[in-house]
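Enquirer: Here is my input; please provide its structure:
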Amino acid sequence: MGTIKETFLSFFKDKEMKQNVKDLLHPITEIIYNEIYIYVWGICFFNCFLFIILLVNLVLLLRMSNKIVVYETISPV
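Expert: Below is the predicted model of the structure:
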């Protein structure tokens, strides 16, 4: 009799047992996926929107920096 880790690993070495566990967990993972996929898509769209906003902000800042003129004051001699 080995440790719990060895027993657990030997339990999953059998291909039929792996398939049984996958078949058992498939409905659970499908339910979880169906519940959260809309949030995953929302996060993806939010990140794309944020990236576009950052690019627009960068372009506007670069345009503003090109229009800034520094006036030098000439001191009287």
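
Enquirer: next one: the host helix or strand of L61 to chain centre, how far?
Expert: In this assignment (DSSP states H and E), L61 forms part of helix 15-67. Remark: helix 15-67 is offset 5 Å from the chain centroid, using C-alpha atoms, centre = their mean, to the nearest Å.

Enquirer: Stretch 10-17 too?
Expert: The chain centroid and the centroid of stretch 10-17 are separated by 33 Å, computed with C-alpha atoms, centre = their mean.

Enquirer: Hmm, K18 is touching L24, no?
Expert: No - under the criterion of C-beta atoms under 8 Å, K18 makes no contact with L24, lying 10.7 Å away. All C-beta atoms are positioned from the backbone trio N, CA, C, and that covers glycine.

Enquirer: Between the two, tell me which one has more neighbours.
Expert: Between K18 and L24, counted using other C-beta atoms under 10 Å, K18 has the larger neighbour count: 12 against 9.
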